[in-house]
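Enquirer: Predicted model and sequence follow; I will ask about them next.
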Amino acid sequence: MISYILKKLRYLKLLNVNYADDQKKQGTSEYGQSTPIKLSQSLEKNLIAIRNLIGNNFDVIIREFSFGDHINVALIFLSGMTDQSMINENIMKPLMSESHSSQNETLKIKDIAQIKARILSVGGVNQYSSYDEIIDGCLSGQSILLLDECNEALAIMTTNWKSRAVEEPKTESVVRGPREGFTESLLTNTTLIRRKIMSPDLKIESMKLGSRTKTNVCIAYIQGIANPLLIEEIKRRLNRIKTDSILESGYVEQFIEDAPFSIFSTVANSEKPDAVAAKILEGRAAILVDGTPFVLSVPMVLIESFQSSEDYYSRPFFASLIRSIRFLAYFISIFAPSSYVALTTFHQELIPTPLLFSMAGAQEGVPFPAVMEAIMMGIIFEILREAGVRLPRPVGQAVSIVGALVIGESAVTAGLIGAPMVIVVALTAVSSFVVSAQSDSGGVLRITFVILAGFIGIYGIVIGQLGVFIHLASLRSFGTPYLSPLAPLSIRDLKDTIIRAPIWAMFTRPRTIGWHDPERQEFRLKPSSPSEETKEQNKAVR
Amino acid sequence: MKLEKGEISSSQLMFLVGGFIQGSLLTLAFAKDATKHDLWLALIAALMMSLPLALVYITLALKFPGQNLFQINDAVFGPYLGKLVSFQYIMLFLMIVSSNLWFAGDFFLTFFFPETPIIVIMIMFAFICAWGVRAGIEVIARMSIILVLFTILIALTTFILLLNEMKFSNFLPIFDIPIHDFIQGTNIMMAIPFNEVIIFMMVIPYANKMKQVKTSVLYGLMIGGITSLIVVIRNTAVLGPLADIVVSPSMEAVRLIDLGEIIERLEALVGIGLILSMFLKVSVFYYATVLGMAQLLKLRSYVPLVIPVGIIGITLALTNESSIQFTYTAMNTYPIFSLSFYIVLPLISLLIVKIRKLPK
Amino acid sequence: MKRISFCTFRCLIICLILILGTTGCWNRRELNSLAITMGAGIDKLEDEDVTDQLQLTVQIVKTSEIKVGDKGNSSADAFWNARNTGKSLFEVIRGFTHQSSRKLYWPHNQVIIFGRSLAEAGIREHIDFFVRDQETRLGVWILVAEDQASDIFEVKPNLERIPAIGLANLLKAQKASSQTTAIKLDEFATRLMSKTTAPIAAFVKISGQGSKKSLLVTGTAVFKQDKLVGELNKTETRGLLWVLNKVKSGIIDVVSPESNGKVSLEIIRAKSKITPEIIEDKVHMKVDIKEEGNIGSQSCTDDLENRQTIKKLEDEKNAAIESEVKAALSKAQKLNADIFGFGDVVHQKFPKEWKELESRWDEIFPDLEVEVTVEGKIRRSGSSKKAVAPAKE
Amino acid sequence: MTFLLMSVFLGIILFEVPKLIRNKHWRELIVFSSLLSMAFILSLLQILDVKVPSPFEGINFLIRDVLHLNYK
């Protein structure tokens, strides 16, 4: 024990030292950034320097040519990330043809601004003067035009790489509603959102994260609805991220979430532009990360996991019914195995007599205690699911079928597992798919409750549930209480919880999120049958 | 220096008080022994008598906005005598925490796990309450709404399901007990749930709307009182004289639910409702104890005290010999003992406040 | 820095779980380790040399025999009647551990049957276990066997696989005739606790011989305090139930006013009210019974569809009900057992006078004057208006 | 059993103390440790089967035997 403590202490010290080192390092690097190395006048020197920096990569193309009055230039670009035809048509062609057209004018075109203004027929052109900028630009798909006898370079927006087309998302399929989903390209994603919300108030701010990956990350929100403090907080947390790589929005999520050790995620994600747009319109902010179709949105509340964009497109009765079914399914998926264990091992008096007979009959000769059975079946189910997801589709199906047969049929006939347990596990498994946003927390809770139930029955389950409840009640996501409309009760916002009120009745935004500009729409929008006058008019028309 | 940074709304305060009173549904059995089938009368009498007392507490709390019971004690009785009074209150609260732990353990031992050592149940319960207390009063208050609604739902459902087992002649003859017993019953009812709202003098300072405090607390008392009344009426009407001899009338009454062999054996609901509402009660007392200690000793945070106080509470509960001895104390001596804390001291405080025209 | 504290926290939790785990799970019992008791029969052993010996018969379900989907060995008995003897009930119950591999499990117990000789000797001490133990429930049927309780469990029911369940279902079905007092432990115990009200229970008999044995639930066993003192027959039982407001359904046979044929009247709804009165220090009871019914069947061919006949039929029904009540009353007064709970009603209405009456109730009850008023109605005549008979000329 | 108790208390110390030391909450640390040692002594007495007088008995004594105010 003591040695363990000593080890801990030593580790602490080590951490402190490392931390101090980090501080120093960061200081130096910042110092370095403040004075970037400037381009020199000579093209040759510049090219050598650039070759030294990125030249020996096979996808870097350095094309040297001259135009006009033997002005030597070099075009540097990455072959895979640029639009080749654009380079040919809009950069090379005008430059080259310039030399033939009007000889006397070309002589004057030494000035880089002139080239930019008169020759290049491309939308985005920047002027850079340091190596760092050039390299960064080149790596993000811009073409760099270096001129001899000029200490500035032009970065031309030729960015274009292969990306997936907008497709229907696999994770959130709908019956009614738009079928488009985000793609891996940030630009496409922002476009998809912009197309939903064509308001000048929609702000999309971008920043680069990851010292090596230099991933573009955008924050999208609506100015005037979103709480400015929220946006500030998001920026603060994003700027805190000092890492070398951001490969997926999951990286960002784990860096910015409020409760890193909670089993409940405090950052929501979605693949559907309409869902994200709706969230933005409620006053949330979306965080888009380049390279992934999963867009984050904060703050997240628990209820969000039970909402689906389709709820709002279908009529309120059915939507409310489906909502309540989702809640039911979530509770089944968490409590079914543990309740079964508690009932069969501690509280047999709570089972109705005829049911007890058949359950006891099925359990006769089964060697394992019910807790063991529940845990075993839970694990087997998770294995089967994982195998089904990872394997290629045809093989995955075969695995599922074999697994289901083996467990569902053979294990019961062999007397290894009671048939009721199989039913309970199957029910749990099916229900756990209903609320997919909480499936990770659901799995952990399920196992915990099974263990608690096996230990001290219903008392264990209730105590555990109280613990989860305390945890949920104390959880906040970017300042918003996690159980938001329920636990700090806000009666007005209960319209979008278990019951989904008609759209015309939800005339305010959620109190804890978008209270900055509370009114969503006019108060009296409930449709009513046409008044007498209009009826008369209609008749007259007919 | 503020130990608690949370803020609770008036509706949360109301439900917290309601849940707090509901947390004593189990201990209704003490008054039941004294008043038999007239328990409901004693309950109403106790509720009526505790309303003015609650007003006394609220008036005191509102005279000193932002200050809780112990700070008020300091202001009223002076720094030294005030500390002594506060110390006594802390001891009382600690004892209530430990006795409630014992009640919970005792109940689950009797009805669900007769062979389990009581300490396991108490530790688990204390653990969850400690967790809640560490999270702060704001979190407990947030939870209260759902817990209270759940308890009310259970009480109402079982009431409706038992309607055709009820015999309202069980209440006859009304007032069939000696007046001595009735006074004792009322006293017990006041001592165990209703006057304990004095604890909310520790919570009221954190309410965000001081104007609504009075109505919230009184409505909360009514919520708790009405739930208790529903439960008492259900038990007496269903069980009749049998309710006088069983340990937990609620449990036995709910056991009798049998609707077409489908809706039956629901007694787990009683147990669940009990843990949920007792959690609120114990947490509030627990919170007041640790907050009071931290204040008395001028600490910067009450959080480190939570676990040691919890363990002391459990060990104190374990010093009880049997539930029979415990029942004796709760029925015969404790109600009188508590009068000084719940009636005498607050009234003296109010008097001193009026005479010395505090706060200056 | 936060991670360090979390690590210790996690260690703490793991330690806690391990500690709790090592100390074991105290009340755990798997479904296949239970001996689910469905019925208990308590007898007094009538041996010459041993006196005061109790015999307890418990009916335990063999769960392996009722495995669903296993049709193979359904011919075997699905129950096991275990017997044990001893001095006190609790001792006897614990004694079963010597012969049963599984511990008796009581929450699903359906019936408690007292043997006649035991019931005559007193049952108070044996009821206590069933009220006090946390496993037993108050919603269990109480029966008195005509002879030995242990014999009852041997009779295999024709429709159920387990006799105790058959018996419980039999009692539930008694509503249809309202000629048996189906009573559960909670009410039985309440009556036992009352100073004046006498406990009652249903009687169970074995009818038939050999393999054609079947169970018959009939009549009412009347206790005085906790001792069996007498028995009510079917008619008297219904008389009792009328007063207790427990008649749910049933048939009353009356003679047709036109000819001598029989008309069976079905009881649909019944309600009774007991009002006590004290006139000049003397207690009178008033019992008002309101009843509604239909014509169930008629064996004569009379035309009943006119107002006079219906009126007459109603009068006859009232007389029949009244005679039933009177019969029960006279029997009860003869046994001096206040099965109707008149004492409690007086207590509820006149709490002051009751203090004086309470001690004399045994003397008052046999001569208690009871006024019975019956208001019977005939509402409908079923789906036919006239009897199935050739039309009269 | 004593070992178990000690490990539980050690766990509690590991859980609470580092934070207090880090924040330099010395006063809290003193109160915490005195309360914890009290708790430890009380629970040790429980484990060693030493009879600790119940505070409720104290109430009984005060009300019944000193003041004679009890109901029964």
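Expert: Structure's in. What do you need?

Enquirer: Regarding the residue of the stretch 201-350 of chain C found nearest chain B, what are the backbone dihedral angles?
Expert: Closest approach between the stretch 201-350 of chain C and chain B, counting by Cβ to the nearest Cβ: residue C:348, at 3.4 Å. All C-beta atoms are positioned from the backbone trio N, CA, C, and that covers glycine. With angles defined as degrees, to the nearest 10, residue C:348 sits at phi -70, psi -40.

Enquirer: can you pull the contacts of it?
Expert: B:169, B:172, B:173 (Cβ atoms under 8 Å, 6 or more residues apart in numbering or on different chains).

Enquirer: which of those residues are buried?
Expert: Neighbour-count burial (16 or more other Cβ atoms under 10 Å in any protein chain shown) is assigned, among those, to residue B:173.

Enquirer: Closest to residue C:294 out of the contacts of residue C:348?
Expert: Closest approach to residue C:294 among the contacts of residue C:348 (Cβ to Cβ): residue B:169, at 30.0 Å.

Enquirer: Please report how far the closest one lies from residue A:302.
Expert: For residue B:169, the distance to residue A:302 equals 49 Å [Cβ to Cβ, to the nearest Å].

Enquirer: Flag the shaky bits of the chain, pLDDT-wise.
Expert: If you meant another chain, say so; for now it's chain A. Counting by pLDDT under 70, chain A has low-confidence residues at A:1-5, A:8-9, A:12-35, A:55, A:69, A:98-110, A:540-542.

Enquirer: ah, I was thinking of chain C
Expert: If you take pLDDT under 70 as the line, chain C has these spans: C:1-26, C:47-52, C:67-75, C:391-393.

Enquirer: And the helices in it?
Expert: Per DSSP state H, chain C carries helices over the ranges C:2-23, C:89-95, C:116-121, C:124-132, C:149-152, C:163-172, C:185-193, C:234-244, C:307-335, C:342-349, C:351-364.

Enquirer: Throw the ones you listed into TSV and include distance to residue B:208, thanks.
Expert: Converted to TSV, those look like this (distance: least, Cβ to Cβ, whole Å):
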stretch	distance to residue B:208
helix C:2-23	29
helix C:89-95	59
helix C:116-121	68
helix C:124-132	51
helix C:149-152	68
helix C:163-172	57
helix C:185-193	49
helix C:234-244	58
helix C:307-335	67
helix C:342-349	51
helix C:351-364	52
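
Enquirer: Select, out of those helices, the one closest to residue A:376.
Expert: Closest to residue A:376 of those, according to Cβ to Cβ: helix C:2-23, at 17.4 Å.

Enquirer: where along chain A do the strands fall?
Expert: Ranges of strands in chain A, per DSSP state E, are A:60-67, A:71-78, A:125-128, A:143-147, A:153-156, A:202-209, A:215-222, A:268-270, A:285-289, A:295-298, A:476-477, A:480-481.

Enquirer: Of all the residues in the fourth one, which ones are buried?
Expert: Taking 16+ other Cβ under 10 Å as the basis for neighbour counts, the residues of strand A:143-147 that come out buried are A:143, A:144, A:145, A:146, A:147.

Enquirer: ok, the last one to residue A:38 distance?
Expert: The gap separating residue A:147 from residue A:38 is 15 Å, by Cβ to Cβ.

Enquirer: And the second one, by the same measure?
Expert: Computed with Cβ to Cβ, the distance linking residue A:144 and residue A:38 is 15 Å.

Enquirer: Any buried residues in the longest helix seen in chain A, and which?
Expert: For chain A, the helix with the greatest residue count under DSSP H is helix A:439-474. By neighbour count on 16+ other Cβ under 10 Å, the buried set for helix A:439-474 is A:441-443, A:445-474.

Enquirer: Can you tell me which residues in the stretch 201-350 of chain B are near chain D?
Expert: Listed as neighbours of chain D in the stretch 201-350 of chain B under the rule Cβ under 8 Å from any Cβ of the partner chain: B:293, B:297-301, B:304-305, B:307-309, B:311-312, B:314-316, B:318-321, B:325-326, B:328-329, B:331-337.

Enquirer: out of those residues, which are buried?
Expert: B:293, B:299, B:304-305, B:307-309, B:311-312, B:314-316, B:318-320, B:326, B:328-329, B:331-337.

Enquirer: Find the nearest non-adjacent residue to residue A:457, please.
Expert: residue A:346 (3.2 Å; Cβ to Cβ, 6 or more residues apart in numbering or on different chains).

Enquirer: Same question for residue B:180.
Expert: With Cβ to Cβ, 6+ apart as the criterion, residue B:180 has its nearest non-adjacent residue at 7.9 Å, and that residue is residue D:71.

Enquirer: Could you verify my assumption that the one you found touches residue B:184?
Expert: Yes - the criterion here is Cβ atoms under 8 Å, and residue D:71 meets it with residue B:184 at 4.7 Å.

Enquirer: Overlap of the contact sets of those two?
Expert: Contacts common to residue D:71 and residue B:184, judged by Cβ under 8 Å, 6+ apart, are B:34, B:331, B:332, B:335.

Enquirer: helix or strand right after the strand or helix carrying the last one?
Expert: Residue B:335 is part of helix B:334-339, with elements assigned from DSSP states H and E. Helices and strands here follow DSSP H and E; after helix B:334-339, the next one along the chain is helix B:345-356.

Enquirer: Can you read off the pLDDT for residue B:153?
Expert: At residue B:153, the model reports a pLDDT of 93.

Enquirer: The helix or strand where it lies and chain C, any residue contact?
Expert: Per DSSP H and E, residue B:153 falls inside helix B:137-161. No - Helix B:137-161 stays clear of chain C (Cβ under 8 Å from any Cβ), getting no nearer than 13.3 Å.

Enquirer: In that helix, which residues are buried?
Expert: Neighbour counts over helix B:137-161 (16+ other Cβ under 10 Å) mark B:137-148, B:150-152, B:154-155, B:158-159, B:161 as buried.

Enquirer: Check stretch B:76-92 too.
Expert: Result for stretch B:76-92 [16+ other Cβ under 10 Å]: buried residues B:76, B:77, B:82, B:85, B:86, B:89, B:90, B:92.

Enquirer: Within the helices and strands, which one has the fifth one?
Expert: In other words, residue B:86. helix B:69-111.

Enquirer: Which SSE is immediately downstream of that helix?
Expert: Counting by DSSP H and E, what follows helix B:69-111 is helix B:118-135.

Enquirer: Residues touching that following helix, excluding its own?
Expert: With contact meaning Cβ under 8 Å, 6+ apart, helix B:118-135 is reached by A:456, A:459-460, A:463, A:466-467, A:470, A:473-474, B:101-102, B:104-106, B:108-109, B:113, B:139-140, B:143, B:275, B:278-279, B:282-283, B:286-287, B:290, B:303, B:306-307, B:310-311, B:313-314, B:317-318, C:20, C:23, C:26.

Enquirer: how close does residue A:400 sit to chain C?
Expert: Residue A:400 is 25 Å from chain C, where distance means Cβ to the nearest Cβ, to the nearest Å.

Enquirer: doesn't residue A:388 make contact with that residue?
Expert: Yes - judged on Cβ under 8 Å, residue A:400 makes contact with residue A:388 at a distance of 4.8 Å.

Enquirer: List the contacts of residue B:158.
Expert: Listed by Cβ under 8 Å, 6+ apart, the contact set of residue B:158 reads B:234, B:253, B:254, B:257, B:266, B:269, B:270.
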